[in-house]
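[1] turn this into a structure:
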Amino acid sequence: MNTWTVTVASELPMLNLNQRMHWAKKAQLTKHWRRLAMVNAMAADLPRNLNRVHIVAHVTKPTNRQYDAHNLLPTLKAAIDGLVDYGLIPDDTNRHLIGPDLRQGGKGDPAIVLTITELEPQ
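    Numbers count the residues shown, from 1 in each chain. This next block holds a predicted model:
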C-alpha cells in the first residue's frame with residue numbers, strides 16, 4: 001500500500017460546525033480551503049486517478065486547549081473536495097473514499113495534515 005502526506009495550512013480561520021456566519025463569508029472560506037488543498041496536492045506531487053483511498057486528518061492548533069476535532073468537519077470537507085478537484089480520486093463518495101477520520105494532532109501551526117493511503121478497489 002502506498003501512503004502520502006499533505007499539509008493544508010492557512011492564516012485564515014478554519015470552518016467550524018459551531019460557527020454562525022453569513023453565507024457569503026462561509027462560501028469564501030470554503031472556496032479558500034478547497035483551493036488551498038488542491039494547490040498543496042499539486043505541490044506535493046500526489047498521484048492522480050486513484051480508485052480508492054483512506055484519509056486520516058490530524059488537526060494542529062497553536063495552543064494545547066481542549067477542542068472537539070470533529071467540529072472542524074466543514075474545513076476537512078472543503079479540503080477533500082480540493083483533492084477531488086486535483087484528481088486524486090474521481091469523487092468523494094463511499095466507493096472511492098474511506099473516512100476521512102478526523103483527529104486531534106497536537107500543538108503546532110494551524111493546519112490539517114492529511115495522510116492518504118491507497119486501498120485495493122472493491
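[2] what secondary structure does Ala57 sit in?
    On the three-state scheme (DSSP: H, G, I helix; E, B strand; the rest coil), Ala57 is labelled strand.
[3] show the contacting residues for it.
    The contact partners of Ala57, taken as C-beta atoms under 8 Å, 6 or more residues apart in numbering, are 76, 79, 99-103, 112-115. Yep, even glycine has a C-beta here, placed from its N, CA and C like the rest.
[4] for it, list each beta-bridge partner.
    Leu102, Leu114 (DSSP bridges).
[5] distance of it relative to Ala24?
    From Ala57 across to Ala24, the span is 26 Å (C-beta to C-beta, to the nearest Å).
[6] over to Asp68?
    Asp68 is 26 Å from Ala24, where distance means C-beta to C-beta.
[7] looking at these two, which one has more neighbours?
    Between Asp68 and Ala24, Asp68 has the larger neighbour count (other C-beta atoms under 10 Å), namely 12 against 8.
[8] can you give me the end-to-end span of stretch 48-55?
    Start-to-end span of stretch 48-55 (C-alpha to C-alpha, to the nearest Å) is 15 Å.
[9] so for that stretch, what gets flagged as buried?
    The neighbour-count check on stretch 48-55 (16 or more other C-beta atoms under 10 Å) flags 50, 52-55 as buried.
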